[in-house]
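[1] Kindly return the folded structure for what I paste below:
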Amino acid sequence: MQLTPWVYTGREGFALRGWHTPPTGKPLLHFIHGNGFCGRAYTPMLAPLSHDFDLWLSDAQGHGDSDPGGNFVGWNRSAELAVEALKAHLPLFKNVPRHALGHSFGGVLSCLILSQYPELFERAVVLDPVILQPHVLWAAQMTQWTGLASHSELARKARARRRHWPDRDSARESLRGRGVYKNWAEEALQAFVDHALRPSADGGVELKCSPERESEIFSSVAHGLWGALNRIDAPVQVIRAEHTFPFIEASVQQWKSINPNVGDVITPGGHCFMQETPNQTAQMVKRYLMTQF
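    Down below sits the predicted model:
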């Protein structure tokens, strides 16, 4: 899969970066990663999709090769920045159909984009989006405003995440079969090691996305999310994991009850199921984007 780097600097002054495949006239698929990851970490899933789509991989603030940019600008502004970056480069792709794909954090950003920019994408697939139910979201906003959100379990675990290894081989061996990386396909683990780590000052390697940034995102929420979810008028297919956060099932069922454009399907695996079965996930995404549902 041939990829070309892109860069965009927004009004905040930091640069977003990412990758795209050479424009060929195929439909364009815009992808946003999960928290703590980056676009190319999903290469085993994305490579099969490149046969049918041109790809645009957008790395959020502080992820991949995008600049850290000081404090996190928030979920809503992150979605806007992704759109600004894409629109700045859209002349490359001419007038082709465009679709959205996102995982977890990136799934929520994709939904915000679908709502705010209805002309941008014809349809979308979101993979295990971390959508909180309205009452839980309200409570999370309260903890964010009071500063207690940084003490949540996800935020604390993110801050405690190991960030440095002597080399990429030792990083791969350390991560294999542990935590969020449990049951990942070997090629997915290698893609993470290749693309989500960078050389460190002491000659080792370190996470590109700092644990502090990952924790900062887990300590915040998207504002106006349920209004946005209700306004989406493009077809959206949710692929959710059989073994994932319990709130995702409840949230997706509630979303379906208020928006007839939303469908869902359950697939085996955990929250990162697309890293466990990348080719199967790619085929599911392709099927939903290229046929009516």
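[2] quick one: the helices in the protein?
    Ranges of helices in the chain, per DSSP state H, are 43-49, 75-89, 105-116, 134-146, 153-159, 168-175, 186-195, 211-218, 225-231, 246-258, 273-276, 278-290.
[3] which residues are contacting the shortest one?
    Where contact means CB atoms under 8 Å, 6 or more residues apart in numbering, the residues beyond helix 273-276 that reach it are 42, 44-45, 103, 127-128, 181, 183-185, 188-189, 192, 239, 241-242, 244, 267, 269-270, 281. The way it works is simple: take the backbone N, C-alpha and C, and place the C-beta from them, glycine included.
[4] and with 7 Å instead?
    Identification of contacts with helix 273-276 by CB atoms under 7 Å, 6 or more residues apart in numbering yields 42, 45, 103, 127, 183-185, 188, 241, 267, 269-270, 281.
[5] Throw these into JSON lines and include pLDDT, thanks.
    Shown next, in JSON lines, are the contacts of helix 273-276 (pLDDT from 0 to 100):
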{"residue": "42", "pLDDT": "98"}
{"residue": "45", "pLDDT": "98"}
{"residue": "103", "pLDDT": "98"}
{"residue": "127", "pLDDT": "98"}
{"residue": "183", "pLDDT": "94"}
{"residue": "184", "pLDDT": "97"}
{"residue": "185", "pLDDT": "97"}
{"residue": "188", "pLDDT": "98"}
{"residue": "241", "pLDDT": "96"}
{"residue": "267", "pLDDT": "97"}
{"residue": "269", "pLDDT": "96"}
{"residue": "270", "pLDDT": "95"}
{"residue": "281", "pLDDT": "98"}
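[6] Could I get the contacting residues of the residue lying closest to residue 55 once chain neighbours are set aside?
    In space, and not counting its chain neighbours, residue 55 is closest to residue 21: 4.6 Å by CB to CB, 6 or more residues apart in numbering. With contact taken as CB under 7 Å, 6+ apart, residue 21 is in contact with 1-3, 50, 54-55.
[7] same question, residue 216
    residue 72.
[8] Next, work out how far apart it and residue 108 are.
    If you measure residue 216 against residue 108 using CB to CB, to the nearest Å, the figure is 15 Å.
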